[in-house]
Structures are given as structure tokens and as C-alpha cells.
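> predicted model and sequence follow; I will ask about them next.
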Amino acid sequence: MFETLQKNLDLNGIPGKSHRVMLAAEKGEGAIDAFKPQNHGGTSFKALEGGGTPMTTIDATLTKTDRGKLKLIKIDVESAQLDVLKGARASIEAAKPVIWCEVFADERAETESLLKSMGYRATKILKGDNAVFVHEG
């Protein structure tokens with residue numbers, strides 16, 4: 001899947017770095033939990049010691065300077081958004097970016113509660129299970 005992402009970036013002339021990592025609440029290792037060959041975007045991952053794929057956080061990936069420049073976080077991680085958000089807390093607090101997040105109905109209350117604790121509110125529920133959150137400050 002990483003190769004597919006990299007090819008799309010190259011084909012579309014999008015500069016920047018891509019990283020072969022899983023985003024999570026903390027560093028560790030993980031593996032594919034459920035692979036969907038017809039829908040790579042529906043593939044899910046799980047933390048697994050010795051899983052072979054490094055897990056990291058958004059906070060660990062960005063420098064303190066880059067955290068403050070963050071304008072948008074787009075999250076579509078097949079029910080792992082709480083872990084990604086927890087691992088981005090310092091970056092979110094530093095920059096207060098707009099957060100566009102896929103949130104399934106049965107996860108909406110818990111996701112909104114976490115984001116509310118960071119000063120966010122949902123402004124739009126988009127087609128499907130996508131929601132846009134903005135900082136109220």
C-alpha cells in the first residue's frame with residue numbers, strides 16, 4: 001500500500017515526504033489486521049509487538065516548529081481515530097488545525113468527547129461518515 005501512495009504522490013507532482021509507518025497513540029509496532037484488496041483504504045491495522053511495521057505518533061513525527069504550522073489534519077483510519085488524535089495532542093494544541101475525520105456512527109460520541117476536551121466542535125457532517133471539527137478558541 002505504501003508503494004501505491006508513493007506512486008500517486010509522484011504521478012500528481014506532490015512534493016514532500018511519505019513515511020512507511022502506522023499512526024497511533026504511542027510508538028511501537030503493528031501489523032495489518034484486515035486487508036481489503038479491492039479497497040486499500042478499508043484496510044485496518046492493529047498494534048502488535050513484532051508486527052514489523054513501525055508505529056509512531058503525529059507529535060513524534062513533527063518538529064515543534066512544524067507542529068505550529070499545521071493547518072489541517074485529515075484522518076481516515078478505519079476506527080483508529082482516537083489513537084491518532086491522542087498521539088497528535090501536542091500538535092493539535094500548538095496549531096489548532098481544522099480536523100477532517102472519518103467517524104463511524106457508533107464511534108461519534110467518543111470521538112466528539114475527546115475533541116471537545118481539546119476545545120473542538122463538529123461544524124459539518126459530510127457525506128458518509130466524515131465530519132469537520134474546528135477549534136472554538
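Arrived safely. No experiment lies behind these values; they were computed from the predicted model shown.
> how about the closest residue in space to residue 107 that isn't next to it in sequence, what does it touch?
Spatial nearest neighbour of residue 107, chain neighbours left out: residue 79 (6.3 Å); criterion: Cβ to Cβ, 6 or more residues apart in numbering. C-beta: built from backbone N, CA, C; applies to glycine. With contacts defined as Cβ atoms under 8 Å, 6 or more residues apart in numbering, residue 79 is in contact with 44, 104, 107.
> out of those, which is most surrounded?
Compared across the contacts of residue 79, residue 107 has the highest neighbour count, 16 neighbours, by other Cβ atoms under 10 Å.
> helices along this structure, start to end?
With DSSP state H as the criterion, the chain has helices at 2-11, 58-61, 64-67, 81-86, 89-95, 108-117.
> point out the most buried one among those helices.
helix 81-86 (a mean of 20; mean count of other Cβ atoms under 10 Å).
> now the worst-scoring helix or strand of the chain on mean pLDDT - C-alpha only, CSV.
The helix or strand of the chain with the poorest confidence is strand 44-47; it has a mean of 75 (mean pLDDT, DSSP states H and E). Coordinates of each C-alpha in strand 44-47 appear next as CSV, following Å, rounded to 0.1, in the frame of the first residue of the first chain:
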residue,chain,number,x,y,z
SER,A,44,-7.2,-1.8,9.1
PHE,A,45,-4.1,-2.2,11.3
LYS,A,46,-3.5,-3.1,14.9
ALA,A,47,-0.8,-2.7,17.4
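> buried stuff in it?
45, 47 (16 or more other Cβ atoms under 10 Å).
> who's in contact with that strand?
22, 24, 28-34, 53, 55, 77-80.
> again with stretch 106-124
So stretch 106-124 is contacted by 79, 81-82, 85-86, 89, 92-93, 96, 99, 101, 103, 131-137 (Cβ under 8 Å, 6+ apart).
> check contacts around the residue most central in space within the chain.
The centroid of the chain falls nearest to residue 75 when counting by Cα atoms, centre = their mean (3.8 Å). Neighbour list for residue 75: 81, 84-85, 99-102 [criterion: Cβ under 8 Å, 6+ apart].
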